[in-house]
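Peer 1: Sequence first, then the predicted structure:
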Amino acid sequence: MLDLRFSLTAGRIDLSCDEINAPHLRMLSTRFSTSLSLHKTSISIELDDFLVNLRELARWPSDDVDVRWDSGLLRLVEGNVQDSALVDARLRAEEVDQLPAPVLPPNWVAPLTQHQTRDLSKLMALNHGANFSVPGAGKTRASMAIYAARRAGGSIERMLVVCPKSAFESWAYEAGVCFSGDAITTYVWTGGPPPDVDILLVNYERLPNSIPPLITWMKAASTLLVLDEAHRMKLGSAGAWGSACLTLGPYATNRLILTGTPAPNGSRDLESLFSFVWPGQGRAAVQRAVAHEDLSVASRALKPLFTRTTKSELNLPPVEVSIRRVDLPPLHREIYDALLGQGKLASASEAGDMAALGRILLYLLMAATSPALLAVGSDKHEALPYRVPPYQVPENTSAMELLRDLPLYELNPKYQQVRSIVEKNVARGRKTLIWSTFVRNLKSLERMLAEFNPALIHGGTINREEELRRFREDPACAVLLSNPATLGEGVSLHHECHDAVYVDRDFSAGRFLQSLDRIHRLGLAPSTITKITVLAASGTIDEIVEDRLARKLEFMGGILDDPNVRVLGDLEEEVDESVGMDMSDLAAFTTYLNR
């Protein structure tokens with residue numbers, strides 16, 4: 001007897017047998033590189049490894065031994081064999097854009113743009129798919145059309161949508177306008193047994209502790225599983241959200257991912273996403289595509305597996321993105337250089353300690369903007385990866401006094417630039433969106449810009465909707481202060497604001513792109529001028545962040561065949577009038593510390 005079933009561990013399957021066949025199981029385990037022994041009669045294998053090397057099961061003496069499959073796993077394996085041929089055919093096809101438009105049911109009443117119709121046709125040609133269109137291109141409506149077409153065709157009965165909380169309103173709205181009458185029921189799930197509804201919405205934060213009831217819900221009826229803002233699971237099985245998504249994925253009849261930033265840190269992110277969509281094939285397809293490091297070749301190789309509507313296809317007015325460099329005043333430079341020297345010593349003694357290097361990085365990011373932040377550390381409402389304690393220097397020393405009292409001696413150059421930009425925008429009747437990684441920066445700027453009645457939104461903001469309403473509707477509120485970790489997704493501000501300033505940036509290319517799209521998206525008048533200004537302190541960690549983001553945006557733009565993304569990595573120099581760190585970033589940062 002050989003039993004095959006899904007493991008309780010995300011992305012793995014368990015194989016077990018009786019005592020008599022234990023030697024055969026041990027022999028079989030040597031055929032899989034990810035095999036782990038659980039017991040002398042049971043092993044665990046990564047799902048990708050199992051599916052890629054499925055032929056190795058032929059070595060099992062099945063003539064006289066019963067092989068029993070978990071029904072869900074068998075359905076996945078059989079579907080994977082079908083998908084393999086389909087995906088291979090698409091990868092080899094020279095033309096994939098001329099596809100027939102799917103038939104939508106009579107109760108579908110929403111209009112679709114030319115690009116949505118094209119994306120819909122392409123995605124329906126595969127059992128599972130990926131939509132990498134830019135924010136504002138209508139990914140939600142296109143996904144709703146896929147649900148309608150597949151439901152009308154009888155292949156699925158309902159849909160589970162995993163998304164940020166900020167996207168609940170958009171999905172509920174689209175369900176209301178896409179279908180006539182009350183035919184479609186939508187429910188935001190917050191716990192307990194999921195109800196028998198057509199569309200179930202759940203946020204990523206709730207997912208890790210909700211696997212059993214959601215699996216039960218999906219097994220009760222054929223389900224389309226959609227991951228909205230799917231880059232949130234880019235860590236794959238190494239992250240809590242990715243692990244939960246990989247556990248749920250095999251129970252879905254069809255899988256679909258939506259994100260405008262699919263590879264913010266490189267090919268590994270793309271591997272995790274495609275492994276969810278096509279277990280056993282997705283990761284291998286990405287690895288083959290990028291093996292020769294030619295992005296144009298990789299783009300052509302992967303393009304049949306995803307659809308993307310670019311900003312140029314939406315005919316948006318251009319965005320002006322520039323970098324404004326500032327010089328640190330003498331005392332500020334003295335503090336920064338001293339901190340850099342201590343960081344070099346710490347990195348030498350704590351080599352390989354990612355957490356320690358991460359703290360050093362955050363201290364330097366703080367110091368490049370305002371060394372006064374070091375005396376108090378990060379704010380309690382900072383996103384978790386950005387929380388660090390106050391920088392430790394001996395009490396009652398000149399260094400401590402200088403950190404604390406620096407604002408009394410020198411004006412902060414970045415703050416000066418922010419105020420100058422805001423004043424000019426106010427004079428022209430324009431509002432300004434100001435981004436900073438650190439909440440204490442935002443609070444300092446809130447005081448500095450008090451006369452402009454700024455709105456402030458961060459992780460601890462309770463009245464977020466009221467602050468957004470003030471910025472949108474109150475003419476006296478000329479400034480919105482926020483951080484990309486809080487407001488980088490799910491909010492549209494393009495009707496009210498056309499100017500954004502980055503006080504600082506971290507290594508996350510995804511957050512940078514997502515935050516840009518808050519004010520540059522579908523619906524802008526053709527004559528609109530959108531201006532993005534990035535502030536960078538010369539001779540500081542800001543320059544390392546700039547270089548790393550440029551490399552990541554070059555990769556992402558190349559993979560997506562989107563020059564609009566690539567150009568954002570090469571910011572135009574302007575004449576002066578968090579962390580997202582991967583191993584390559586760590587190497588660049590370590591080199592910076594040791595040079």
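Peer 2: Received it, and whenever you're ready, just let me know what you need. Being a predicted model, the structure only gives us computed values, none of them experimental. Residues are numbered from 1 along each chain as shown.
Peer 1: Can you tell me the SS state at residue 13?
Peer 2: strand (DSSP: H, G, I helix; E, B strand; the rest coil).
Peer 1: Quick one: residues contacting residue 143.
Peer 2: Taking Cβ atoms under 8 Å, 6 or more residues apart in numbering, we find residue 143 in contact with 131, 226, 228, 256, 258. C-betas here are computed from N, CA, C, even on glycine.
Peer 1: just checking, which of those residues belong to strands?
Peer 2: If you go by DSSP state E, these have 131, 226, 228, 256, 258 in strands.
Peer 1: Out of the contacts of residue 143, who's the most crowded?
Peer 2: residue 131 (29 neighbours; other Cβ atoms under 10 Å).
Peer 1: Now do the contacts for it.
Peer 2: 119, 123, 139, 142, 143, 256, 257, 258, 306, 307, 308.
Peer 1: And the second one, how close does it get to residue 277?
Peer 2: Distance of residue 123 to residue 277, given as Cβ to Cβ, to the nearest Å: 11 Å.
Peer 1: Apart from its chain neighbours, what residue comes closest to residue 25?
Peer 2: The shortest distance from residue 25 to any non-neighbouring residue, by Cβ to Cβ, 6 or more residues apart in numbering, is to residue 17 (4.9 Å).
Peer 1: The one you found bridge partners, please.
Peer 2: For residue 17, the beta-bridge partners are residue 2 (DSSP bridges).
Peer 1: most centrally placed residue in this structure?
Peer 2: residue 231 (2.9 Å; Cα atoms, centre = their mean).
Peer 1: contacting residues around the closest residue to that residue other than its chain neighbours?
Peer 2: Nearest non-adjacent residue to residue 231, counting by Cβ to Cβ, 6+ apart: residue 259, 4.5 Å away. With contact taken as Cβ under 8 Å, 6+ apart, residue 259 is in contact with 132, 227, 228, 229, 230, 231, 273.
Peer 1: Tell me, what's the model's pLDDT at the closest residue to the third one other than its chain neighbours?
Peer 2: Looking back up the chat, that one is residue 228. Residue nearest to residue 228 in three dimensions, not counting chain neighbours: residue 163, with 3.6 Å by Cβ to Cβ, 6+ apart. Note for residue 163: predicted pLDDT of 93.
Peer 1: So residue 163 is in contact with residue 203, correct?
Peer 2: Yes - when contacts are counted by Cβ atoms under 8 Å, residue 163 is listed as touching residue 203 (6.6 Å).
Peer 1: Send me stretch 222-232 as CSV with only the CA atoms.
Peer 2: Output in CSV follows, covering the C-alpha atoms of stretch 222-232 (Å, rounded to 0.1, in the frame of the first residue of the first chain):
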residue,chain,number,x,y,z
SER,A,222,-15.5,24.2,-7.7
THR,A,223,-13.7,27.4,-7.0
LEU,A,224,-11.7,30.1,-8.8
LEU,A,225,-9.0,31.3,-6.4
VAL,A,226,-7.8,34.9,-7.1
LEU,A,227,-4.8,36.5,-5.4
ASP,A,228,-5.2,40.3,-5.7
GLU,A,229,-1.9,42.2,-5.1
ALA,A,230,-0.3,38.8,-5.4
HIS,A,231,3.2,40.3,-4.8
ARG,A,232,2.3,40.0,-1.1
